[in-house]
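A predicted structure for the sequence below; I have some questions about it.
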Amino acid sequence: MRLEYTQSQRVFRKEVRAWLADNLPAKPLQSLDTAEGFEQHREWEKTLFDGGWSAVTWPKEYGGRGLGLIDWLIFEEEYWGAGAPMRVNQNGIFLLAPTLMEYGTDEQKARFLPRMASGEDIWAQGWSEPGAGSDMAALRCKAERDGDDYIINGQKTWSTRAVYADWLFGLFRTDPSAPRHQGMSFVLLPLDLPGISIRPIRQLNGQPGFAEIFFDNVRVPAGNRLGDEGAGWRIAMATAGFERGLMLRSPGRFQQTAKALVNLYKANQERADRDPGIRDAVIRGYVAAEAYALSTYRTASKLVKGGRIGAEASTNKIFWSELDLKLHETAMQILGARGELLPHAPEAAGIGQWLDGFLFAQAGPIYAGTNEIQRNIIAERVLDLPRS
Ligand SMILES: Cc1cc2nc3c(=O)[nH]c(=O)nc-3n(C[C@H](O)[C@H](O)[C@H](O)COP(=O)(O)OP(=O)(O)OC[C@H]3O[C@@H](n4cnc5c(N)ncnc54)[C@H](O)[C@@H]3O)c2cc1C
């Protein structure tokens, strides 16, 4: 890997920076876990799409720019560096889209990708069930074949923003008699079908960040299945690789948080230096964010040369989730009691976002497969240790 940008990559970076400077929303958007905030974020997706920035690596025919992974990393660095909003369609753009590109038919790609890129269809992920979290192969929500359709019955849970989303990609049991990893299929369905009821799950802050989804004889065309019947587990594992690996958590956002942490430390240095451990944690956090960026460039270079992402997806996931937690914990230590101010509190100017980030960072070691499970994967598949 050569750690140097080409002339065209440098030009590209300037172009991204200029566009963001001209088009960023004047005021921060409301939380995407509220109905209003969700719609504001959907509009932002449309603005990105109209500017050609919604999905820079996708082929042009589906609404992308046809650029490479390194360009995407540059875009992400600029995106987060400019303080741009969270992507409300991240489940679609970063998880389902790469899966569709690999396993979808041409018809499915043409049907789903352009509407995803423009924010017309916002996607939720329907994997977890009350009895199937870490052990996802235990899922029981059924999709039974009936002519050209599937009839779906059962329940999903913890589906992020499914309260407002338009479509769901999920894993359903199509053959209960098959070995448990083989009897599942990957199905795409609109969330307004008859027989679907969605019950919000409120977070501690009162906002409905998640939903339970109940299916009562929901009829879905078999043409909405991604890949072969029974191949759902293998396809979902590819999606999970994207989630834990490169796409969902690009380094730009952690580099931005690390820079903000350095600035927070400088602005509060006298107080922070009373505990020598804080200065050390700031330095370590900054270096770790840079190391994550370099490691991601290495993975991207490997992929560009035709390689595949393997167990490093699990090491990545542990690294970014623990890094995010550490950066926010250090910020809270610097802020002391002021760190508890909610973002909209009058005295919270400039610091309120640290509490939001701190609360969300708690979830990092859980979602996208818990870190305990990632450690099991590394132990068994990388280190070849015996199963416990
Ligand atoms: C912010 C957030 C967003 C989410 N969004 C979605 C979403 O959009 N769609 C969706 O389908 N799901 C979503 N989830 C659910 C998430 O995928 C599950 O919470 C996760 O897979 C863990 O499952 P569980 O909660 O059932 O915990 P459990 O599986 O019950 O695990 C409980 C604890 O036991 C540990 N444990 C379990 N088995 C083992 C083992 N074999 N070895 C060692 N330790 C073990 C776990 O690591 C964990 O610490 C989200 C979760 C969060 C926090």
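Nice, thanks for sending it over.

whatever residue of the chain ends up closest to the ligand: how many residues sit nearby?
Closest approach between the chain and the ligand, counting by Cβ to the nearest ligand atom: G133, at 1.7 Å. Any C-beta I mention is one placed from the backbone N, CA and C, and that applies to glycine too. Residues within reach of G133, counting by other Cβ atoms under 10 Å, total 17.

cool, A21 as well?
10.

quick one: it and G83 touch, right?
No - applying Cβ atoms under 8 Å, one finds A21 not in contact with G83, separated by 11.0 Å.

contacts only, for S128.
M136, K156, T157, W158, S159 (Cβ atoms under 8 Å, 6 or more residues apart in numbering).

could I get the phi/psi values of it?
The phi and psi torsions at S128 (degrees, to the nearest 10) take the values phi -70, psi 150.

what distance do you get for it to G209?
For S128, the distance to G209 (Cβ to Cβ, to the nearest Å) stands at 14 Å.

ok, now S250?
In this view, S250 and G209 are 22 Å apart by Cβ to Cβ.

where do the strands of the stretch 101-250 of the chain begin and end?
123-126, 142-146, 149-160, 167-173, 184-190, 196-201, 210-221, 225-226 (DSSP state E, counting those that start in this stretch).

who's in contact with the host helix or strand of I377?
Using DSSP states H and E, I377 sits within helix 371-377. By Cβ under 8 Å, 6+ apart, the surrounding residues in contact with helix 371-377 are S134, R244, A311, S314, T315, K317, I318, S321, E322, P365, S388.

and if you look at stretch 334-350?
261, 264-265, 268, 271-272, 278, 331-332, 351-356, 358.

repeat the analysis, applying 7 Å as the threshold.
264-265, 268, 272, 278, 331-332, 351-356 (Cβ atoms under 7 Å, 6 or more residues apart in numbering).

send the alpha carbons of it over as CSV?
Listed next in CSV are the C-alpha coordinates belonging to stretch 334-350 (Å, rounded to 0.1, in the frame of the first residue of the first chain):
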residue,chain,number,x,y,z
ILE,A,334,-13.0,16.2,31.1
LEU,A,335,-16.5,17.8,31.3
GLY,A,336,-17.3,16.4,34.8
ALA,A,337,-20.8,17.3,35.9
ARG,A,338,-21.3,19.6,32.9
GLY,A,339,-21.2,16.5,30.7
GLU,A,340,-24.7,15.6,31.9
LEU,A,341,-26.3,18.7,30.1
LEU,A,342,-28.7,17.7,27.4
PRO,A,343,-27.8,19.1,24.0
HIS,A,344,-30.7,21.6,24.1
ALA,A,345,-30.0,22.9,27.6
PRO,A,346,-29.2,26.7,27.5
GLU,A,347,-25.8,26.2,29.2
ALA,A,348,-24.8,23.3,26.9
ALA,A,349,-23.6,25.3,24.0
GLY,A,350,-20.9,23.4,22.2
